[in-house]
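[1] Predicted model follows, preceded by the sequence.
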Amino acid sequence: MEQSDKHGVVRDDYLKHETQGLERSGHSTHVEEWVDPEPSGEDQPMASLDPTGGLVGGVPSGMTPREVEERSLLARYLGKSIYPATRSDIVTRLREEHAPSRFVDRVEQLPDGKQFENVKEIALALGMHVETQRF
């Protein structure tokens, strides 16, 4: 096992010992039930990726799974450090990150001089749907 840069030898050995049973068995090895992570509550949807690629339980009202994926992808290309951003800032970042041309082309059509505070404002300006209510 390689030694990490974040921990010392003793901590690395402890962490290796803690995860060894999980790695070998493929399920929790904790004797005490309180140590295991709790499942979602009855009133909370089970959010997971469907093997077919769709989102299950994680789509806000007012959006389709495809719209969620598109906005998420746009947000990944832009990152958090760009805001507040103008059209030229957004286009520059998208090009630097090698974003698909569909994003670059659409952003180039936005009004010049307007500042965007987050990806939701950009999505609205691009005509994308956003969630109708936030929990």
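    Good, I have the coordinates.
[2] all helices of the protein, in order?
    For the chain, applying DSSP state H gives helices covering 9-25, 65-78, 87-96, 101-107, 119-125.
[3] okay if I get those as TSV plus distance to D43?
    The way it works is simple: take the backbone N, C-alpha and C, and place the C-beta from them, glycine included. Converted to TSV, the helices of the chain look like this (distance: least, C-beta to C-beta, whole Å):
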stretch	distance to D43
helix 9-25	29
helix 65-78	21
helix 87-96	38
helix 101-107	36
helix 119-125	26
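[4] Now render the ones you listed as CSV, adding mean neighbour count.
    Converted to CSV, those look like this (neighbours: other C-beta atoms under 10 Å):
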stretch, mean neighbour count
helix 9-25, 11
helix 65-78, 16
helix 87-96, 17
helix 101-107, 15
helix 119-125, 18
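[5] For the ones you listed, give me TSV that also has distance to E131 and mean pLDDT.
    Listed next are the helices of the chain as TSV, based on distance: least, C-beta to C-beta, whole Å; pLDDT from 0 to 100:
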stretch	distance to E131	mean pLDDT
helix 9-25	36	76
helix 65-78	9	84
helix 87-96	21	90
helix 101-107	20	88
helix 119-125	9	87
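[6] so which of those helices comes closest to G113?
    Closest of these to G113 is helix 87-96, at 7.8 Å (criterion: C-beta to C-beta).
[7] need the contact list for D112.
    With contact taken as C-beta atoms under 8 Å, 6 or more residues apart in numbering, D112 is in contact with T86, R87, S88.
[8] Check E67 too.
    E67 makes contacts with M128, H129, as judged by C-beta under 8 Å, 6+ apart.
[9] Quick check: it vs V130, distance?
    According to C-beta to C-beta, to the nearest Å, E67 stands 8 Å off from V130.
[10] Cool, thanks, signing off.
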